[in-house]
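> Structure of the sequence below:
(2 chains)
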Amino acid sequence: MESRLLQLAGGPGGWKVHLSAAAHAEGGLRQPKAVESFAEALKGKKIKGKDAVLATSGHSSAVNLVPLDPHHRSRLQQTLQETALRSIDDAEGVAYRYLPLASGSGEQSQREEFLLLSLGQTEIRRCTEASDLLGLRPVGLENSAFPIARALAASHGESEDPWGFLHIGFASSLFGIVHQGEIRFLKPMQSNGETWLNTIAACINEEEDQSQVGSQAVLTMQRQAVGHAVQIMHALRLEAEALAQEIRACLRHFSARHKGARLESVFLTGFGAALPEVETAIGNALAIPTAVAKPFSALGMDTPPEILAEEHLWCAPLGLALRGAA
Amino acid sequence: MKTADFFSAEAFAGHLERRRTPSRLALLSIWSLLILAATFGLEWEVNGQELEAQRALTPNAEAQQARAEMDSVFADMNPYVKQLDALAVHLSMPQAAALLQALPSYLGPDATLEEVDWHHAVERRGLTVLNRELVLEITAIVRGEQALLSLPKTLQEATGFASVKITRTEVLAELEDHVRVQWQLRRPLPKTQNQGPQS
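Just a heads-up that it's a prediction; the model follows:
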C-alpha cells in the first residue's frame, strides 16, 4: 500500500508542486514506516507551514449507501451506527460520518439515501500519530474518494452532465458519480487492482515479481505487455464485463433517481488504471468515454516529471491539497 | 464539494483562518508602509516650507544693498524734482508726429484725408481748470457706406482716443457715392500742478 505526501505552492491562479514524496509500506505499522520514508525523502527540503489534511482508504475504512424509508427516519442514527459497526471490525471503535444524497425523482423519490463513511478509531489514531511524527498538525481526515473527486472536479471544469470516476486501488476499488460539483453516488466495487494485475500476469506468462511493488510493478507490467495487447484484451474481457455490469447497475440506480441522467465520461484512477489495456477494456465494456485521469496536466500545473508519469496515483493528494481552495 | 471529515469542522476552519493570516499580515504591512511613506513625505514638505519661510524672514544682504543704492539715487534726484516732474508730464502727452504720419493708413483705401486740426478744449470754473482735453478733428472724403460706418471705430482704436463722433457730413454732387466727413476725437489730458481744485 502506498502513502503519498504532496504540498502545492501558489494559488488558484497558478499552482505548482512544491513537495512530493511516496512511500510503500504494508501492515498495521504502515503509517510509521511511511513517515520514516518521508523523512528520508524530505531531507534538505522544507515543508511550508504545519497544517496537513489526510485521507485514507482500504480495509480500515468503509463506504456504504444507506437507503431509508420516510417512516424509519427517526431510526436514522441507529441504522447508520449499526451499519458502520458491521462494516469495520476495530477494537478501539468505529467513527462514522454521513452525507444525505440528493433525493431523486419518480418512484424512488420518497426514499432517502445516505452516504455513510466509516473509519476505525485505530486508523484515525495511527494517521494522527504519523502526522505528529512528521511535525505536522492534522486538520482534516477524509475517505480518499472525496479528495479524488475534488481533484477530478477541479480539472474537469463546469459540466451540466454527471460524470463518474472509478478508483481501482490495489486492495479495493470504488465507483463514484459527480454531478453539479457534488458526489451523488459512491459504492465499493468487487474487483480490485490485484485481481487485474494477476489476470494480466497470467496472460503474459510472467511470474509476478514480489519484490516489486506499487507503481514499479505497473511499470514492469507495462514493459512486459508490449506485443501482448490482443491476448491481454481477451483475458481482461471477463473482468471488464463483470465490472461493467456492476457499474451499469449503479448507473441504473442513479438514472432512476436523477430523471434518467446519463454519464458524460468516466475517469480511471488508482493502481489499476494504468495497467496495460485496462482503460480500453473498461471503456469498451461500459461504452462510455473512459480515460485515465490526468488532473495535473488538465490544471496546467508546474509538476515534476515523476508525478506526471503517474498522475492517476496522485489524485487523492491533489484533492487534499486543493481542499479549501477548490 | 461537501465532504465527510472525521476531524471536527473547527480544525479545518482553524486551518483556513491560519492560511488567511499571512495575506492579512502582508496587506497590513503594505498599508503601514504606505502610511509611513505618506508621513515622511508630509514631514519633508513641511520642513521645506519652514526653511523657505525662515529664508524669507532672514535679512537679505543683496536686497538691503540695492535698497540703499536706490535711496541714494532718489536723494540725488530730489534737487531736480521740479524739472523732472515737468519732463514726466511732457513725456506722458500724446505723440502727434507718429499719429499724423499714420492717419492716411488708418483711413484706408476708401477715404482721402483732407484736413487735420488739433486744439485743446479747456473747461473752467472761474480761474480753476476743471478738465482739459486734446481734440483732434479729421476731415476726409469717404467712398461708400461701409467705410462711412466702420471708420469711426477704426480711428478710435488706431489713435487710442477716448471718444469719437461725426461732427459734419457733406454730400458731394460731383462725386457719386462720396461724402465729406469730419470726425472729432477727444482724449483727456493729464492734470498739471496748477489744474483742478486739489492744486
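
> what comes up buried for stretch A:130-141?
Under the neighbour-count criterion of 16 or more other CB atoms under 10 Å in any protein chain shown, stretch A:130-141 has A:130-131, A:134, A:136-141 buried. C-beta here means a position set from N, CA and C on the backbone, and glycine is covered the same way.

> just stretch B:159-167 next, same as before
B:159, B:161, B:164.

> just stretch A:316-326 next, same as before
A:316-323, A:326.

> need the residues you listed in CSV with secondary structure, can you?
Converted to CSV, these look like this (DSSP: H, G, I helix; E, B strand; the rest coil):
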residue, secondary structure
A:316, helix
A:317, helix
A:318, helix
A:319, helix
A:320, helix
A:321, helix
A:322, coil
A:323, coil
A:326, coil
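
> hmm, back to that, closest one to chain A out of the buried residues of stretch B:159-167, please.
Among the buried residues of stretch B:159-167, residue B:159 lies closest to chain A (CB to the nearest CB), at 78.2 Å.

> okay, and for the stretch 201-326 of chain A, where does confidence drop off?
A:205-217, A:326 (pLDDT under 70).

> Can you tell me the SS state at whichever residue of it sits closest to chain B?
Proximity of the stretch 201-326 of chain A to chain B (CB to the nearest CB) peaks at residue A:324, 5.3 Å away. Secondary structure state of residue A:324, per three-state DSSP, is coil.

> Provide the count of other residues in contact range of the closest residue to it other than its chain neighbours.
Among residues not flanking residue A:324 along the chain, residue B:16 sits closest, at 5.3 Å (CB to CB, 6 or more residues apart in numbering or on different chains). Other residues within reach of residue B:16, judged by other CB atoms under 10 Å in any protein chain shown, total 13.

> Can you classify residue B:16 by secondary structure?
Taking three-state DSSP, the label given to residue B:16 is helix.

> Ok, residue A:26 next?
coil.

> So it sits against residue A:1, correct?
Yes. Contact criterion CB atoms under 8 Å: residue A:26 and residue A:1 qualify, at 5.9 Å.

> So what's the predicted local confidence for residue 39?
In the absence of a named chain, this looks at chain A. Listed pLDDT for residue A:39 reads 87.

> let's do chain B instead
97.

> Quickly note the distance from it to chain A.
32 Å (CB to the nearest CB, to the nearest Å).

> returning to what we had before: residue contacts, the residue of the stretch 201-326 of chain A closest to chain B?
B:12, B:15-16, B:19 (CB atoms under 8 Å, 6 or more residues apart in numbering or on different chains).

> Hmm, residue A:30 is touching residue A:37, no?
No. Between residue A:30 and residue A:37 there is no contact under CB under 8 Å: 10.2 Å.

> my read is residue A:99 is in a helix, agree?
No. Looking at residue A:99 with three-state DSSP, it is strand, so not inside a helix.

> beta partners of it?
Partner residues in beta bridges with residue A:99, using DSSP bridges, are residue A:115.

> what about it, neighbour count?
16.

> and chain B, which residues reach chain A?
By CB under 8 Å from any CB of the partner chain, the residues of chain B that approach chain A are B:1-7, B:11-12, B:14-16, B:18-19.

> ok, which stretches of the stretch 101-250 of chain A are helices?
Remark: helices assigned in the stretch 101-250 of chain A by DSSP state H, counting those that start in this stretch are A:121-133, A:145-156, A:193-203, A:214-224, A:229-257.

> Output the contacting helices and strands for the first one.
If contacts are counted by 3 or more CB pairs under 8 Å, 6 or more residues apart in numbering or on different chains; DSSP states H and E, helix A:121-133 sits against helix A:30-41, strand A:51-56, strand A:94-100, strand A:137-143.

> To residue A:252, which of these lies closest?
strand A:94-100 (21.2 Å; CB to CB).

> Could I get the average pLDDT for that closest one?
Rounded mean pLDDT across strand A:94-100 is 94.

> and the angle for it with helix A:121-133?
Relative orientation of strand A:94-100 and helix A:121-133, computed by axes from the mean of the first three to the mean of the last three CA atoms, to 10 degrees: 100 degrees.

> Mind listing what's buried along strand A:94-100?
A:94-99.

> Mind picking the two most distant members of the residues you listed?
A:94 and A:99 (17.1 Å).

> Give me the below-cutoff pLDDT ranges for chain B.
B:94, B:192-199.

> Which stretches in it count as helices?
B:9-57, B:61-77, B:81-92, B:96-107, B:145-159 (DSSP state H).

> Please identify the most buried of those helices.
Ranked by average neighbour count under the criterion mean count of other CB atoms under 10 Å in any protein chain shown, these are headed by helix B:145-159 at a mean of 15.

> Check chain B and tell me which residue is nearest its centre.
Residue closest to the mean C-alpha point of chain B, counted by CA atoms, centre = their mean, is residue B:160 at 16.7 Å.

> Quick check: chain neighbours aside, which residue is closest to that residue?
residue B:187 (7.4 Å).

> what's near enough to touch that neighbour?
B:94, B:133-134, B:136, B:160-162.

> Can you report phi and psi for residue B:8?
phi -70, psi 150 (degrees, to the nearest 10).

> ok, how many other residues are close to it?
11.

> Does residue B:106 touch residue B:156 like I think?
No. When contacts are counted by CB under 8 Å, residue B:106 is not listed as touching residue B:156 (10.0 Å).

> mind listing what residue 118 touches?
All of this refers to chain A. A:61-64, A:83-84, A:87-88, A:94-96.

> Not quite, go with chain B.
Counted by CB under 8 Å, 6+ apart, residue B:118 has contacts B:96, B:134-137.

> Separate out the buried members of these.
So, by 16+ other CB under 10 Å, the buried ones in the contacts of residue B:118 are B:134, B:136-137.

> how about a markdown table for those residues, with distance to residue B:41 added?
Shown next, in a markdown table, are those (distance: CB to CB, whole Å):
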| residue | distance to residue B:41 |
| --- | --- |
| B:134 | 62 |
| B:136 | 64 |
| B:137 | 69 |
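
> What is the nearest of the residues you listed to residue B:172?
So of those, ranked by how close each gets to residue B:172 (CB to CB), first place is residue B:137, at 18.9 Å.

> Which strand residues bridge the closest one?
Residues in beta-bridge contact with residue B:137 (DSSP bridges): residue B:117, residue B:184.

> Hmm, residue B:167 and it touching each other?
Yes. Using CB under 8 Å, residue B:137 is in contact with residue B:167, at 7.1 Å.

> contacting residues for residue A:35?
A:130, A:133-134.

> Could you check how far it is from residue A:133?
5 Å (CB to CB, to the nearest Å).

> Spell out which residues of the stretch 1-150 of chain A are next to chain B.
Counting by CB under 8 Å from any CB, the stretch 1-150 of chain A sits next to chain B at A:49, A:51, A:53, A:95, A:97-99, A:115, A:117, A:119, A:124, A:138-143, A:146, A:149-150.

> Number of residues surrounding residue A:147?
Based on other CB under 10 Å, the number of other residues close to residue A:147 is 26.

> try residue A:277
23.

> neighbours around the closest residue to it other than its chain neighbours, how many?
Spatial nearest neighbour of residue A:277, excluding adjacent residues (CB to CB, 6+ apart): residue A:232 at 4.4 Å. For residue A:232, the count of nearby residues is 21 (other CB under 10 Å).

> Residue A:232 reaches residue A:276, doesn't it?
Yes. Taking CB under 8 Å as the definition, residue A:232 is a contact partner of residue A:276 at 5.5 Å.

> between those two, what contacts are shared?
In contact with both residue A:232 and residue A:276: A:200, A:225, using CB under 8 Å, 6+ apart.

> who touches residue A:193 in this structure?
Residue A:193 neighbours (CB under 8 Å, 6+ apart): A:168-171, A:173, A:270-272, A:275.

> Need the contact partners of stretch A:66-74.
A:76, A:79-80, A:83, A:98, A:110-116.

> repeat for stretch A:184-192
Contacts of stretch A:184-192 (CB under 8 Å, 6+ apart): A:62-63, A:65, A:101-102, A:115, A:145, A:162, A:166, A:168-178, A:239, A:242-243, A:246-247, A:250, A:253-254, A:258, A:272.
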